[in-house]
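> Here's a sequence, model it:
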Amino acid sequence: MYANNLNKVSWEGAERGVRARGTATLGVGALKAVATLRLWLRRSQQRAALRAALPRDAAFFHDIGVSRASVYNEAGKWFWQA
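I've put the predicted structure just below:
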């Protein structure tokens, strides 16, 4: 339910305090915070998928030219690390 509300947030008119696509009026700072949280969530999900895929798809990573060490390195990062 909460994730659906995040998708409704828009940058349109944020500078003027115009009502966003959601139900509340959000300022630029709040919109940037929401965008950052969404980015962190996406990174967390992608890295969890990498960790789950590595043992069973090691040949796939080898085929696309990505070393096992670089996959472990990326999967081991915290969600706030780029």
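
> quick one: contacts for the nearest residue to residue 62 once chain neighbours are set aside?
Excluding its sequence neighbours, the residue lying closest to residue 62 (C-beta to C-beta, 6 or more residues apart in numbering) is residue 68, at 7.8 Å. C-beta: built from backbone N, CA, C; applies to glycine. Residue 68 makes contact with 54, 58, 61-62, according to C-beta atoms under 8 Å, 6 or more residues apart in numbering.

> which of those residues count as buried?
residue 61 (16 or more other C-beta atoms under 10 Å).

> So which other helices or strands are in contact with the helix or strand that contains residue 44?
Using DSSP states H and E, residue 44 falls within helix 28-53. Packed against helix 28-53 by the contact rule (3 or more C-beta pairs under 8 Å, 6 or more residues apart in numbering; DSSP states H and E) you find helix 2-7, helix 68-75.

> Could I get the buried residue list for it?
Buried residues in helix 28-53 (16+ other C-beta under 10 Å): 31, 34, 43, 47, 50.

> Show residues contacting the following helix or strand past it.
Per DSSP H and E, the first helix or strand lying C-terminal to helix 28-53 is helix 58-63. Defining contact as C-beta under 8 Å, 6+ apart, one finds that helix 58-63 is touched by 53-54, 67-68, 71.
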